[in-house]
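# coordinates only, sequence not included:
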Ligand code: THU
């Protein structure tokens with residue numbers, strides 16, 4: 001038996017303005033994506049902007065439904081739209097932002113487990129790391145690959 005640890009490297013910024021210009025632009029797109037949120041039940045709005053390897057940016061926003069499980073998170077609406085419309089263009093960076101009734105959330109919204117698993121799928125499909133930026137008003141986090149927010153990823157292509 002051995003005790004093991006997983007160490008996760010990530011970057012923390014005090015604000016979006018500290019991000020490199022390319023990431024600031026993607027952050028802006030994530031804010032714009034909030035307009036597409038359909039969230040009459042939770043009143044929690046989430047916007048996502050996915051930068052593809054060819055520079056295309058695909059936006060997504062959470063979509064809710066009276067039958068709750070039928071809705072979908074912002075991250076997956078962006079990833080599925082990208083995969084459906086640009087099936088051969090690898091994913092580069094996904095930026096996510098959330099707001100509640102008080103406006104932009106202070107803390108970054110961290111993606112749910114299902115969204116992380118979907119990120120892992122495309123990262124594996126394209127064989128290149130998918131970077132993730134989580135935007136909060138007081139804090140911004142950047143991860144260089146999905147593994148850092150989903151340790152012990154299930155990957156049927158690798159088992
Ligand atoms: N939501 C997202 O869109 N992304 C996340 O990472 C977490 C949650 C949505 C789902 C639902 O519409 C609302 O936020 C409240 O859970």
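Yes, it's here. As the structure is a prediction and not an experimental result, all values here were calculated from the model. Numbers count the residues shown, from 1 in each chain.

# buried ones in stretch 68-80, by neighbour count?
Neighbour-count burial for stretch 68-80, counted by 16 or more other Cβ atoms under 10 Å, picks out 71-79. To be clear about C-beta, it is placed using only N, CA and C from the backbone, and glycine gets the same treatment.

# likewise stretch 47-60?
Buried residues in stretch 47-60 (16+ other Cβ under 10 Å): 47-52, 57-60.

# next one: the helix or strand of the chain with the lowest mean pLDDT to chain centre, how far?
Here the helix or strand of the chain ranked lowest by mean pLDDT, DSSP states H and E is strand 103-104, holding a mean of 94. Between the centre of strand 103-104 and the centre of its chain there are 18 Å (Cα atoms, centre = their mean, to the nearest Å).

# report the buried residues of whichever helix or strand comes after it.
With elements assigned by DSSP states H and E, the helix or strand that comes after strand 103-104 is helix 113-126. Of all the residues in helix 113-126, those buried under the rule 16+ other Cβ under 10 Å are 115-124, 126.

# ok, back up a step: now, the buried residues of stretch 47-60 that are in strands?
Those of these mapping onto strands are 47-52, 57-60, per DSSP state E.

# now the helices: where do they sit in the chain?
Ranges of helices within the chain are 21-33, 74-85, 113-126, based on DSSP state H.
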